[in-house]
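[1] All I have is the shape, not the residue letters:
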């Protein structure tokens, strides 16, 4: 039978079209999700409304939590900043990467000259994120992501800045761990141009993040928004201070706000109106980024992770907040020092659900890789596991979590190491070798030390803790030969007789209707924030 030319043409058209479609389908890959990682400095477990604060107002952070999964037992890997930041980017516990204190903290004989009169000399630590690691942004960059960093870095001096560890763009990340110029321009930051006088730092970082997203909305991006807030110095505008001063008064101002801990007073109340204003300004900035994602149609294509780097500052630094019912705060071995707001929003997964499985900062690295469809790198994120099964409503295998902080720091915590297994938490203290055991399911406040009646469990957990620390190459403190009990008691006497009353006076001054900071609201009235 003779086939007409027109039929041949039609057949060729459909054959080529079909082949073309098959070729495209074979070559195409699922669209990579964008990733927005928000890290807040010194942000306590109860520093946002969704986690139980009746004083601070954080509607934008709350939205992330309610649209994602709340990990109620989410942890930073250390009670101070640099170590936990290194763990997020490397997937390694602090004892393994070696950054066990905030970079710049004194050790050894230099520590003994600080006047704290403590029994131990803290060991040295690694002073920069090791360049040989393949960090999370580097792994994403290898997979075609555009990478961006804004805000606090504190993981090494020049040569170990964000751009040296996989970030294409760095806005504001450098050596310093606190905002050198405060929270209003001029910022005094070599990697962030000053804005108009009085420009709010948190909002500036948010706007830089939005600009990056706009410029990369047609490609997969990893935006790491690392706020300097809410680290000291705590600063706010007069308007926000007034709002929260009035709110504290309406809630009822306690006569006393502090209780003495082992070395320093611990704040017991959330009623600091300056800090509350700083928290709200940071939350406003989060809202700007969330709104931009919506307006660009990217909110359903973007994974959002939100957490903090250590507990809220209840002692030392600016004595900003209370973490109750969690015990203590930043710098401490208790839950207030290490438990964090820990939210992951994946569009279409587990909206508003809670998960009580213990998780930690090292888990972000493999979780983000799996969500992005990228092969995991277990040789890099050694101490992290993917949380994708939990996000899908399944379970993960039980595993111990370990913390190692052989330092004193600035907040009054003691040199210690911690292991958590299931509901049980063991703390080993290096001053005298004692160990405390708590059941967190029944005693979240860590008020009842169960070590005396659980000696077998204590021994088993202690053996496992030190086996893990030794495998990771942990360093340990040494005795200070110059220490005397008399010197320590003299120092503590000064804290109790002088520092504690001064803190109570300052707290009430912040709440006075006549309060006015010495430097005229930190220049914050120069522009609207």
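    Everything's here; your move. It should be emphasised that the depicted structure is a prediction, and the values quoted were computed from it without experimental measurement. Residues are numbered from 1 along each chain as shown.

[2] where in the chain is pLDDT low?
    Where the chain drops to pLDDT under 70, the residues are 1-30, 526-529.

[3] buried set for stretch 206-218?
    Buried residues in stretch 206-218, counted by 16 or more other C-beta atoms under 10 Å: 206-210, 212-213, 216. From N, CA and C alone the C-beta is placed, and that goes for glycine too.

[4] go on, stretch 177-187?
    Neighbour counts using 16+ other C-beta under 10 Å place 177, 179, 182-187 of stretch 177-187 among the buried residues.

[5] now what about that stretch, what contacts it?
    41, 81-82, 102-104, 152, 154, 172, 188-189, 194-202, 204, 228-229, 231-233, 235-236, 278, 281, 522-524, 526, 529 (C-beta atoms under 8 Å, 6 or more residues apart in numbering).

[6] Hmm, residue 234 and residue 320 touching each other?
    Yes: using C-beta atoms under 8 Å, residue 320 is in contact with residue 234, at 5.6 Å.

[7] shared neighbours of these two, anything?
    272, 275.

[8] Count the neighbours of residue 289 for me.
    22 (other C-beta atoms under 10 Å).

[9] And for residue 73?
    21.

[10] for it, what are its contacts?
    Residue 73 is in contact with 339, 356-359, 440, counting by C-beta under 8 Å, 6+ apart.

[11] Could you do residue 479 as well?
    Contacts here follow C-beta under 8 Å, 6+ apart; on that basis residue 479 touches 119-121.

[12] what's next to stretch 154-165, contact-wise?
    Identification of contacts with stretch 154-165 by C-beta under 8 Å, 6+ apart yields 81-82, 85-86, 89, 99, 102-103, 127-129, 131, 133, 135, 137-138, 149, 153, 169-170, 173-177, 191, 224.

[13] In three-state terms, how would residue 417 be classified?
    Taking DSSP: H, G, I helix; E, B strand; the rest coil as the rule, one finds residue 417 in the strand state.

[14] Could you measure from it over to residue 70?
    Distance of residue 417 to residue 70, given as C-beta to C-beta, to the nearest Å: 28 Å.

[15] between these two, which one's more packed in?
    Shown here are residue 417 and residue 70; by other C-beta under 10 Å, residue 417 has more neighbours (25 against 21).

[16] how many neighbours does residue 115 have?
    Using other C-beta under 10 Å, residue 115 has 9 other residues around it.

[17] so when I look at it, I'm seeing a helix, right?
    No: going by three-state DSSP, the assignment for residue 115 is coil, not a helix.

[18] give the contact list for it.
    By C-beta under 8 Å, 6+ apart, residue 115 lies in contact with residue 491.

[19] from here on, count from 324
    Sure, I'll start counting at 324 from here, so that last one is residue 438.

[20] those helices in the stretch 524-673 of the chain, which residues are they?
    524-538, 561-574, 596-618, 658-661 (DSSP state H, counting those that start in this stretch).

[21] Relative to residue 841, which of those is closest?
    Distance to residue 841, taken as C-beta to C-beta, is lowest for helix 596-618 among those, at 12.7 Å.

[22] Can you check what angle separates that closest one from helix 524-538?
    Angle, helix 596-618 to helix 524-538, by axes from the mean of the first three to the mean of the last three C-alpha atoms, to 10 degrees: 10 degrees.

[23] Can you list the helices and strands that helix 596-618 packs against?
    Helices and strands touching helix 596-618, as assessed by 3 or more C-beta pairs under 8 Å, 6 or more residues apart in numbering; DSSP states H and E, comprise strand 357-363, helix 382-390, helix 524-538, strand 544-550, helix 561-574.
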